[in-house]
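[1] Generate a structure from the sequence data that follows.
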Amino acid sequence: MTAHKPGDPTTLNRLYGRSKGKTLRAGQQDLVETLLPRIAVPAEGPVTSAALFGDERPLHFEIGFGGGEHLAARADMLPDHGFIGAEPFLNGVAQALVHVDGGRTSEGTPAGPPLGNIRLHHGDALEVLARLPDASLRFVYLLHPDPWPKARHAKRRMMNDGPVDLIAAKLAPGGEFRFGTDHPIYLRHALMVMQRHAGQFEWLCQGPQDFQNRPGGWPETRYEAKARRLGHEVWYFRYRRRPAN
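    Below you'll find the predicted structure:
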């Protein structure tokens with residue numbers, strides 16, 4: 001067990017990196033202005049299943065969802081579960097909104113029904129995570145985070161003691177933390193951090209095949225697809241939350 005207190009602001013990441021890229025397309029901008037306010041995580045107060053969805057359901061949380069393809073695919077697989085995604089990059093939020101709205105055909109019309117079991121936060125994931133009740137999450141996902149490969153930037157990585165303590169606090173016993181990366185420096189760093197948290201998490205791994213192959217029910221992200229096109233090896237990690245002592 002680490003000596004860090006879950007949620008201690010002195011050990012948590014701050015939000016780094018850019019927040020906006022190229023100009024949004026007209027359809028994306030319209031979704032940001034009309035759909036996002038309807039499905040946004042409230043700015044204040046506890047973040048609970050009842051507050052977000054009006055009922056009690058298993059909750060999932062994705063930290064930095066990129067373009068939202070993994071979040072949307074998981075939400076489509078599990079329509080009775082609630083999904084919360086946080087992403088600071090506006091263009092990623094806009095793309096996720098397209099998925100939530102049902103996707104688009106080549107003609108620009110919705111490709112399917114909207115996903116009503118997703119709530120989004122445009123901003124810092126840790127701020128929302130801290131407002132969730134302890135032991136309230138079934139899954140937490142951290143897929144292909146910014147590696148910040150230089151040693152002097154290591155404190156900026158999401159896989160650090162403060163954020164991992166917070167994830168542990170918010171996961172229910174038996175809940176699962178999934179982490180994926182194609183960056184060898186981040187891989188080594190993450191394994192070192194998670195070894196320090198072995199009292200909180202059980203690594204679900206029997207052999208190399210468990211972290212070299214994407215598990216079932218783990219949709220591919222566009223970042224993973226890009227990594228494979230570039231010839232990178234991709235690693236997948238599943239950790240189960242141990243019962244609190």
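[2] beta partners of the residue nearest the centre of the chain?
    Central residue of the chain (CA atoms, centre = their mean): Glu62, 2.0 Å from the mean position. Beta-bridge partners of Glu62, counted by DSSP bridges, are Gly85, Tyr141.
[3] Alpha carbons of the longest helix belonging to the chain, in PDB - could you do that?
    Longest helix in the chain by number of residues, with DSSP state H as the criterion: helix 184-196. Output in PDB follows, covering the C-alpha atoms of helix 184-196 (Å, rounded to 0.1, in the frame of the first residue of the first chain):
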ATOM      1  CA  PRO A 184       8.000   1.600 -24.100                       C
ATOM      2  CA  ILE A 185       9.100   4.400 -21.800                       C
ATOM      3  CA  TYR A 186       5.500   4.900 -20.500                       C
ATOM      4  CA  LEU A 187       5.200   1.100 -20.200                       C
ATOM      5  CA  ARG A 188       8.200   0.800 -17.900                       C
ATOM      6  CA  HIS A 189       7.000   3.700 -15.800                       C
ATOM      7  CA  ALA A 190       3.500   2.400 -15.500                       C
ATOM      8  CA  LEU A 191       4.700  -1.000 -14.400                       C
ATOM      9  CA  MET A 192       6.900   0.500 -11.800                       C
ATOM     10  CA  VAL A 193       4.000   2.600 -10.500                       C
ATOM     11  CA  MET A 194       1.500  -0.300 -10.400                       C
ATOM     12  CA  GLN A 195       4.000  -2.400  -8.600                       C
ATOM     13  CA  ARG A 196       4.000   0.100  -5.800                       C
END
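[4] what helices or strands is the helix or strand following it leaning on?
    Per DSSP states H and E, the first helix or strand lying C-terminal to helix 184-196 is strand 201-203. Packing partners of strand 201-203 (3 or more CB pairs under 8 Å, 6 or more residues apart in numbering; DSSP states H and E): strand 235-241. Just so you know, the C-beta spots here come from the backbone N, C-alpha and C atoms, and that holds for glycine as well.
[5] contacting residues around the strand it packs on?
    By CB atoms under 8 Å, 6 or more residues apart in numbering, the surrounding residues in contact with strand 235-241 are 168, 171-182, 187, 190, 194, 200-205, 210-215, 218.
[6] what about 6 Å?
    171, 173, 175-181, 187, 201-204, 211, 214 (CB atoms under 6 Å, 6 or more residues apart in numbering).
[7] circling back to that earlier point, so what pLDDT did the residue nearest to the centre of the chain get?
    With respect to pLDDT, Glu62 has a value of 98.
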